[in-house]
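[1] have a look; sequence and predicted model below, questions after that.
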Amino acid sequence: MGIIGIRTATLLLAALAWRSVLVAAAGEADGVFNVKDYGARGDGTTDDTKAFIDAWTAACGARGSSASLLVPAGKSFLVGPARFSGPCTSTRITVQVMGTITAPPPGAWSGQNYWMMFYQVQGLTVTGGSTGLLDGRGRSWWWSDKFNRYGDIYKAPTALVVMNCTDVELSQFSSKNSPQMHISVSQSSKVHLTQLTTTAPWDSPNTDGVHIDRSQDVRVTRSTMGTGGECVSIGPGSRFVTVDGIVCGPGRAVSVGSLGRKGATESVEYIDVKNVQFINTSSGATIKTWQGGKGYARSISFTDINFTNVDRPVVINQFYADPYHVPNMGRWR
């Protein structure tokens, strides 16, 4: 090889080596995409939404059998609202929430009804550990004049939404003070929620721990939920739902419904609720339907349920009225 050929080869090798350094710096070499490598500051005040979206886009588009988006420990990331959309290239994508993700104040939402959403993702894991936390900063929503508990609370966003997804696991992280529901599973299948902790004051409006609607093959297991709404609510169109090993309280119930609002035809079936401890709740095992609604709620079982200081352990209500629009009914939901 001539001198020119040697120099060309040397330059080519140097370029490849430099590219390898850049790839490794972005976290792509091992399939882990750290949000800090995409510009996230993690100081609790800088808006890190774009960095999270960019890291998700890179992880979702990565080739191979799996990819991970990492939210590192020891940092607080101000994010949202944010939508993480699929489908993704890899067969399994994992979001590792090791630090804190903090919601912005109400003025930053521009009408969105969710804080963070995973949409049309197949093969998703969202997991954390002892340090993984979603902080919805709900107090700025609950008691403001604009979002009062008997007026416009349904405009407040849900913290984490899983929509149109398949083969999902949410595990080992905490969610506190969601503006409205902590976690919503909608129009999804094969979803397992386990070892989760959701917390909010007992009088915070509609802060359900987990809400499920129009979904099937959903399991909620080994979790602790103390909120101002239901610990688990199973809404219209849900089938084959298991709730097992939940500690519920303070809060309201594990409920099926409400069903049939404004005369709608709805159905819920094959629901198995077991090994639940209700502690200091206003209600326990609950089924509720609106007057004038149509459809059915069938094949529902509540077994091995324990009650401690529960106002109404079992409630079957076929004349349900929304407590957040009827004054002085908050404890009777």
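    Everything's here; your move. Residues are numbered from 1 along each chain as shown.

[2] C-alpha only now, for contacts and for neighbours.
    Fine.

[3] give me the number of residues near the closest residue to residue 81 other than its chain neighbours?
    Nearest residue to residue 81 in three dimensions, chain neighbours excluded: residue 115, at 4.5 Å (C-alpha to C-alpha, 6 or more residues apart in numbering). Using other C-alpha atoms under 10 Å, residue 115 has 24 other residues around it.

[4] and what of residue 64?
    Residues near residue 64, counting by other C-alpha under 10 Å: 11.

[5] next up, the contacts around it.
    89, 90, 91 (C-alpha atoms under 8 Å, 6 or more residues apart in numbering).

[6] would you confirm that the last one contacts residue 63?
    No - because the distance of 9.0 Å does not satisfy C-alpha atoms under 8 Å, residue 91 is recorded as not touching residue 63.

[7] what strand or helix carries residue 51?
    helix 49-61 (DSSP states H and E).

[8] my error: substitute residue 242 in the last question.
    In this assignment (DSSP H and E), residue 242 forms part of strand 239-248.

[9] what's in contact with the helix or strand following that strand?
    Downstream of strand 239-248, the next assigned helix or strand under DSSP H and E is strand 254-259. Outside strand 254-259, the residues that touch it by C-alpha under 8 Å, 6+ apart are 230-236, 266-268, 284-290, 293, 320.

[10] may I see the ChimeraX selection of the buried members of the residues you listed?
    Here is the ChimeraX selection string for the buried members of the contacts of strand 254-259, based on 16 or more other C-alpha atoms under 10 Å:
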select :230,231,232,233,234,235,236,266,267,268,284,285,286,287,288,289,290,293,320
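
[11] so of the contacts of strand 254-259, which ones are in helices?
    Counting by DSSP state H, no part of the contacts of strand 254-259 is found in helices.

[12] count of residues packed around the nearest residue to residue 71 once chain neighbours are set aside?
    Distance criterion C-alpha to C-alpha, 6+ apart; nearest residue to residue 71, sequence neighbours excluded, is residue 97 at 4.9 Å. The tally of other residues near residue 97 (other C-alpha under 10 Å) stands at 24.

[13] tell me the contacts of residue 97?
    For residue 97, counting by C-alpha under 8 Å, 6+ apart, the contacting residues are 70, 71, 72, 73, 126, 127, 128, 129, 132, 133, 173.

[14] in TSV, list those residues along with distance to residue 244.
    Below are the contacts of residue 97 laid out as TSV (distance: C-alpha to C-alpha, whole Å):
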residue	distance to residue 244
70	29
71	29
72	31
73	30
126	20
127	19
128	21
129	21
132	23
133	23
173	18
